[in-house]
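>>> Mind folding the following:
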Amino acid sequence: MAAEKNHPESSAMDYAEHEKTFGLFASLIKWGTVFSLGLTLFFGALTHTISWSFAIIVTVVMTAVVAKFF
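Residues are numbered from 1 along each chain as shown. Alright, predicted model coming up:
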């Protein structure tokens with residue numbers, strides 16, 4: 001059976017590599033979300049749905065909060 005095979009050449013789990021991969025994944029999700037929200041605010045300001053000052057202030061504050069706390 002496949003579950004009973006022992007592979008002496010297989011190594012143990014590389015937890016350091018798993019943590020590094022998860023850190024990259026979490027970082028991409030975090031900054032991708034910030035970028036998406038910033039882009040949405042930019043297009044809202046571009047179409048005059050919201051003011052430019054509101055878009056800039058919210059984007060700067062959002063980026064600062066994410067960089068500081070997450």
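
>>> from here on, contacts and neighbour counts on C-alpha atoms
OK.

>>> Pull out the buried residues from the longest helix belonging to the chain.
Within the chain, and with DSSP state H defining each element, the longest helix by residue count is helix 15-46. Of the residues in helix 15-46, V34, L37, G38, L41, F42, A45 count as buried by neighbour count, 16 or more other CA atoms under 10 Å.

>>> That one: what's the following helix or strand?
Per DSSP states H and E, the first helix or strand lying C-terminal to helix 15-46 is helix 52-69.

>>> tell me which residues in that next one are buried?
For helix 52-69, the neighbour count (16+ other CA under 10 Å) marks W52, A55, T59 as buried.

>>> can you redo those as TSV with pLDDT and distance to K20?
Formatted as TSV, the buried residues of helix 52-69 follow (pLDDT from 0 to 100; distance: CA to CA, whole Å):
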residue	pLDDT	distance to K20
W52	94	38
A55	95	34
T59	95	28
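
>>> and of those residues, the nearest to M13?
Nearest to M13 among those: T59, at 40.2 Å, using CA to CA.

>>> That closest one: what's it in contact with?
By CA atoms under 8 Å, 6 or more residues apart in numbering, T59 lies in contact with L37, G38, L41.

>>> Could you export stretch 36-44 as PDB, CA atoms only?
Taking Å, rounded to 0.1, in the frame of the first residue of the first chain, the C-alpha atoms of stretch 36-44 are listed here in PDB:
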ATOM      1  CA  SER A  36      -6.700  47.100  -4.200                       C
ATOM      2  CA  LEU A  37      -8.300  49.500  -1.800                       C
ATOM      3  CA  GLY A  38      -6.000  52.300  -2.800                       C
ATOM      4  CA  LEU A  39      -6.700  51.700  -6.400                       C
ATOM      5  CA  THR A  40     -10.500  51.700  -5.700                       C
ATOM      6  CA  LEU A  41     -10.100  55.000  -3.900                       C
ATOM      7  CA  PHE A  42      -8.000  56.400  -6.700                       C
ATOM      8  CA  PHE A  43     -10.700  55.600  -9.300                       C
ATOM      9  CA  GLY A  44     -13.400  56.900  -7.100                       C
END
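
>>> All set now, cheers.
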